[in-house]
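J.: Pasting a predicted model and its sequence here:
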Amino acid sequence: MPTQEEIYSKVASTLVEALNVDEEDIQPSSTLQGDLGAESIDFLDIVFRLEREFGIKIPRGELFPESIFQGDPEFVKDGKVTEKGLAELRQRLPFADLTSFEKDPSLSKLSDLFTVEMITRYIEGKLKS
Amino acid sequence: MRWIWIDRITELHSGQSAKAIKCLSLAEDHFAQHFPGYPVMPACFILEGLAQTGGILVGEASDFKEKVVLAKVNRAIFHREMFPGEVLHYETKISNLRPEGASVEAQVTVENQVTVEAEIFFAFLDQSRSKEFFTEENFVFTGEFRHLLQRLARSKKD
């Protein structure tokens, strides 16, 4: 089982290749879309590369869910994620750090949950199980 | 101009690999401009040909039910220029195939020399969403691509 640092380092090099960014631009807290410029099409590319790099299977929608809040209109109200929506998020993305999102759960900030650190934690969980 | 950048599919192993050829002719319009007095096959057209070969391979794997579109060229290395009179051999292999998309390893050889290496990524337009924007008809795999496959099938029978 690789250490967390080893996983992070491999995740970072995967993102360098997939997103054509410099390694020094990547920090644990870097958001994929905001900081690293990932577009929707890049997410599947990242999934392919992570599977190959770590020898794991990433089921569709597990790491990058396509539509978390379509299931229930009560998940979002006035552009903010409700308590019910947050509970759904905790369940769907147990590897995401929701601490700062919970303080301002604006829907527009949802993409900030997807960070390099988050992917690292996800992979760590996958390798353990 | 017909947007078809392969002349013939020469091999297709369902879900695995496909080969095609493209014969470069000085009669093709673009050579007059690219470049005057020094005709070179534009790299983007070579990539399009590889993407068409890989796209047919990926599309065939789902019996052409998916709308397969070129999403991203992850890597493309051109080792040399290619000129009228040369025959480009396009080879593509599926490296990943999932319900959401696929990636292929691709290369071009000319007289057994590798001239291009690339990795191409395809997305499948989401079934439900694509109906909002497009008709149910699969606009990606229209008549001309089908004809290419029919020609391959006929050549096997001969």
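T.: Good, I have the coordinates.
J.: show me where the chain has helices.
T.: Assuming you mean chain A. If DSSP state H is used as the criterion, the helices of chain A fall at A:4-19, A:40-54, A:83-92, A:99-103, A:116-128.
J.: wait, chain B
T.: B:30-33, B:43-61, B:127-133, B:143-157.
J.: Do the longest one and chain A come into contact?
T.: Going back to what we said before, that points to helix B:43-61. No. Helix B:43-61 does not reach chain A (C-beta under 8 Å from any C-beta of the partner chain); its nearest approach is 13.2 Å. In this view, the C-beta of every residue, glycine as well, is placed from N, C-alpha and C.
J.: Does anything pack onto that helix? Which helices or strands?
T.: Taking 3 or more C-beta pairs under 8 Å, 6 or more residues apart in numbering or on different chains; DSSP states H and E as contact, the helices and strands that helix B:43-61 lies on are strand B:8-13, strand B:17-23, strand B:68-78, strand B:87-97, strand B:101-110, strand B:113-124, helix B:143-157.
J.: Let me see the mean pLDDT of that helix.
T.: Taken as a whole, helix B:43-61 has an average pLDDT of 96.
J.: Same check on stretch A:122-129?
T.: When pLDDT is averaged along stretch A:122-129, the result is 93.
J.: Just the buried residues of it, please?
T.: Buried residues in stretch A:122-129, defined by neighbour count with 16 or more other C-beta atoms under 10 Å in any protein chain shown: A:122-124, A:126.
J.: need the contact list for the residue sitting nearest the centre point of chain A.
T.: Nearest to the mean C-alpha position of chain A, counting by C-alpha atoms, centre = their mean, stands A:Phe114 at 3.3 Å. Applying C-beta atoms under 8 Å, 6 or more residues apart in numbering or on different chains, one finds that A:Phe114 lies in contact with A:31-33, A:64, A:96.
J.: Show me the two of those that sit farthest apart.
T.: A:Gln33 and A:Ala96 (14.1 Å; C-beta to C-beta).
J.: Name the residue in those two with the higher neighbour count.
T.: A:Ala96 (18 against 15; other C-beta atoms under 10 Å in any protein chain shown).
J.: wait, isn't the more buried one in contact with A:Leu113?
T.: Yes. Using C-beta atoms under 8 Å, A:Ala96 is in contact with A:Leu113, at 4.7 Å.
J.: Overlap of the contact sets of these two?
T.: What both A:Ala96 and A:Leu113 touch, as defined by C-beta under 8 Å, 6+ apart, is the set A:Leu89.
J.: Thank you, goodbye.
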